[in-house]
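A.B. asks: The amino acid sequence is not available; the structure is as follows:
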DNA sequence: TCCCTCTATTTCCTATAGGATCTTGGAAAT
DNA sequence: ATTTCCAAGATCCTATAGGAAATAGAGGGA
């Protein structure tokens, strides 16, 4: 998909300034550089990014969809408040519905799924080990955390891609930002990272066995365990 | 300068120009006033609606989310092509997943759901009868068709509202535009309208019985019947 | 001390202008 | 006749400017 080497005849910088502004603001929000409830002034953002307010305005419209920012009709944008209990429960229910259905649909195309899913599994396992090593030393480098999150997301996205349903895939992407934000609070000990890797392997094995129901069940258990670990951490 | 202090309905106009532009363009698209593939020039739209390009641009970003328009990065917007077979199947699968899950969740709040759902059911039944009457006479007034669609949407939205899950509700809304566009092709004979009304009543009865599984099953059958009627029509 | 009011600054929102790019039409050359 | 090239028009994209509303803060009165 990303054909870098050839000099840009057409597809390289084929995305307007609006998209780059969107990526930058999204990064700011996901990194937690701004605190919840803080105002996101369009003019100020435009000055910070050294662009005009117009593309910033378009990017903010796009960001509304992610749930990371809230808009009040003539009073501007704000960083969305952190997810509290009820909202978190709804997010998990929605994610559970999507992941289970995606696994069910993807089981029809197991042959196309398995190679790339195994690759993603190994990638995730490697990142898990790196996290565990660092956690024993006490330090938590941000770059490693990001790499781990990416590998986890990659694993799940493979299944959604194999589901062959663009709408379900889009729904998962639309929840992605909030899910990512929630995930940041989950990694607390090496136990969680290790368990997630084990559950991922169980999912792959279930797919490989050809039993669709087993794959769906493994996925359901994985998400429910993620939920359990999440609420356990937030309570501490 | 002291302008006229007309504050009669001032509080209601709490939404910017962007939202009104969005509503207007959405209406154009849903009414089928523009053919698929046609270009949607921002400047031209701005002149037609007598506004500046900026709010039109924001509305178009919002419309991307509905799937009714497509954007090419430096070449403008186009009306999305009509849904072909594969895409239609995916849309139904996604809708089936959402409606089934919403029914399952809503069954927990049956007491709050039933009164409003019964009201929506009667409304839908009345609109169905009006459609059937007119269909016997051969004429199909557009206003009645719209009213029927609205009553059908109202029925389903009641269940999503009772599900208590804002994310699932948002997903359904995001599919709403495409679903609406698809629905327009379904009404062909009085049989379909009557059957939909019967199935709606079966759903309400299942909810009223207190059997959650029965409600889910009734909903699943309804959606699958809608799918069957839809593909039957598109084949003709 | 508390509250109200009024002002000033900030910010949102829309309009207008200009540069860069794409499309379209016709004319010229093979 | 078909293809290529070029120029004019239209369109997208971004920047700048100005009006309207809202927030913050100071000052006066109870």
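C.D. replies: Great, that's in hand. Owing to the predicted nature of the structure, the values given are computational and were not obtained by experimental measurement.

A.B. asks: Next SSE downstream of the helix or strand where residue A:151 lies?
C.D. replies: Secondary structure from DSSP states H and E places residue A:151 in helix A:142-163. Using DSSP H and E, the helix or strand that follows helix A:142-163 in sequence is helix A:166-183.

A.B. asks: Return the distance of the helix holding residue A:151 from the chain's centre.
C.D. replies: 7 Å (C-alpha atoms, centre = their mean, to the nearest Å).

A.B. asks: now check that helix, is it near chain B?
C.D. replies: No. Residues of helix A:142-163 contacting chain B under C-beta under 8 Å from any C-beta of the partner chain: none, with a closest distance of 9.0 Å. For glycine as for every other residue, the C-beta is placed from the backbone atoms N, C-alpha and C.

A.B. asks: Packing partners of that helix?
C.D. replies: Where contact means 3 or more C-beta pairs under 8 Å, 6 or more residues apart in numbering or on different chains; DSSP states H and E, helix A:142-163 is packed against helix A:85-106, helix A:110-137, helix A:166-183, helix A:190-209.

A.B. asks: so which of those gets nearest residue B:83?
C.D. replies: Ranking the helices and strands packed on helix A:142-163 by proximity to residue B:83 (C-beta to C-beta) places helix A:166-183 first, at 11.1 Å.

A.B. asks: Can you give the contact residues for the closest one?
C.D. replies: By C-beta atoms under 8 Å, 6 or more residues apart in numbering or on different chains, the residues outside helix A:166-183 that reach it are A:26, A:29-30, A:65-68, A:83, A:88, A:91, A:94-95, A:98-99, A:101-102, A:105, A:149, A:152-153, A:156-157, A:160-161, A:163, A:230, B:87, B:90-91, B:93-94, B:97, B:167, B:170-171, B:174-175.

A.B. asks: So among those residues, which ones count as buried?
C.D. replies: Among the contacts of helix A:166-183, the ones that count as buried by 16 or more other C-beta atoms under 10 Å in any protein chain shown are A:26, A:29-30, A:65-68, A:83, A:88, A:91, A:94-95, A:98-99, A:101-102, A:105, A:149, A:152-153, A:156-157, A:160-161, A:163, A:230, B:87, B:90-91, B:93-94, B:97, B:167, B:170-171, B:174-175.

A.B. asks: ok, the residue nearest to residue A:204 when sequence neighbours are not counted - contacts?
C.D. replies: Nearest residue to residue A:204 in three dimensions, chain neighbours excluded: residue A:121, at 5.2 Å (C-beta to C-beta, 6 or more residues apart in numbering or on different chains). Applying C-beta under 8 Å, 6+ apart to residue A:121 gives the contacts A:155, A:200, A:201, A:204.

A.B. asks: is it possible to export the residues you listed to CSV including neighbour count and distance to DNA strand D?
C.D. replies: Shown next, in CSV, are the contacts of residue A:121 (neighbours: other C-beta atoms under 10 Å in any protein chain shown; distance: C-beta to the nearest atom of the strand, whole Å):
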residue, neighbour count, distance to DNA strand D
A:155, 22, 34
A:200, 23, 39
A:201, 16, 44
A:204, 20, 41
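
A.B. asks: Can you lay out the residues you listed as CSV showing pLDDT and distance to residue B:143?
C.D. replies: Converted to CSV, the contacts of residue A:121 look like this (pLDDT from 0 to 100; distance: C-beta to C-beta, whole Å):
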residue, pLDDT, distance to residue B:143
A:155, 96, 51
A:200, 96, 54
A:201, 96, 59
A:204, 96, 55
